[in-house]
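Engineer: just to be clear, the model below is a prediction. Sequence and coordinates:
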Amino acid sequence: MRSFSGMLVGVIGVGTGLALLGNGMESTRRAMAMFAMGQIPLGALTMLLGGAVLGLLAGLARRMPAAPVTAGAVLLAAGALSMVAPGEIYSLLGPGGIGDVILLQMGTAFGALLVVAVLVARRQTSATPSAPESGGPRPSSGSGPVVH
């Protein structure tokens, strides 16, 4: 059940993050095209929120590894589809917004980041030293002062 909830969090999180990134990018692009400099911060803030959502997914790598793995797999699959059939991305997602995020391979980069976050988190948890089995102190490495 924990894996299913992780996958659900991953799908919802990647959808939310991509929607925010795509809308922010499209809003910023339109503002720049119209020289409406006052609207650029709103688009930038929206992109920042989208990046924060994807960052939260990466932060779940230790507690719920299925979330970033699922989100990363979705992004990597979308990136692969955009390399093979870029027209399909626009027919599925429409031009601008999320379609541009995928076609510019930003989603692929975020997907790789999410998968690597899980691999690093797993490596760190497996490399954590365990406590000594006897309740006594650990042997020193010899770097401290010698007491006679």
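Structural biologist: Ah, there it is. Bear in mind the structure is a predicted one, so any value in this text is a computation, not a measurement.

Engineer: output the longest helix belonging to the protein.
Structural biologist: helix 2-33 (DSSP state H).

Engineer: can you pull the pLDDT of Ser134?
Structural biologist: Residue-level confidence at Ser134 comes out at 56, pLDDT.

Engineer: next: Val53.
Structural biologist: At Val53, pLDDT is 94.

Engineer: tell me the angle of the helix or strand containing it relative to helix 2-33?
Structural biologist: Assigned by DSSP states H and E, Val53 belongs to helix 40-59. Angle of helix 40-59 versus helix 2-33, following axes from the mean of the first three to the mean of the last three Cα atoms, to 10 degrees, is 160 degrees.

Engineer: angle of the next helix or strand along the chain from helix 40-59 against helix 40-59?
Structural biologist: Where DSSP H and E defines the elements, the next helix or strand beyond helix 40-59 is helix 66-84. Counting by the same axes, to 10 degrees, helix 66-84 points 120 degrees away from the direction of helix 40-59.

Engineer: output helix 66-84 as CSV - backbone C-alpha positions only.
Structural biologist: Only the C-alpha atoms of helix 66-84 are listed here, as CSV (Å, rounded to 0.1, in the frame of the first residue of the first chain):
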residue,chain,number,x,y,z
ALA,A,66,8.1,5.3,-5.2
ALA,A,67,7.1,9.0,-5.5
PRO,A,68,10.2,10.4,-7.1
VAL,A,69,10.8,7.2,-9.1
THR,A,70,7.3,7.4,-10.6
ALA,A,71,7.6,11.1,-11.3
GLY,A,72,11.0,10.6,-12.8
ALA,A,73,9.8,7.7,-15.0
VAL,A,74,6.8,9.8,-16.2
LEU,A,75,9.2,12.7,-17.2
LEU,A,76,11.7,10.4,-18.8
ALA,A,77,9.1,8.7,-20.8
ALA,A,78,7.6,12.0,-22.0
GLY,A,79,11.1,13.2,-22.9
ALA,A,80,11.7,10.0,-24.9
LEU,A,81,8.4,10.5,-26.7
SER,A,82,9.3,14.1,-27.5
MET,A,83,12.6,12.9,-29.1
VAL,A,84,10.9,10.3,-31.2
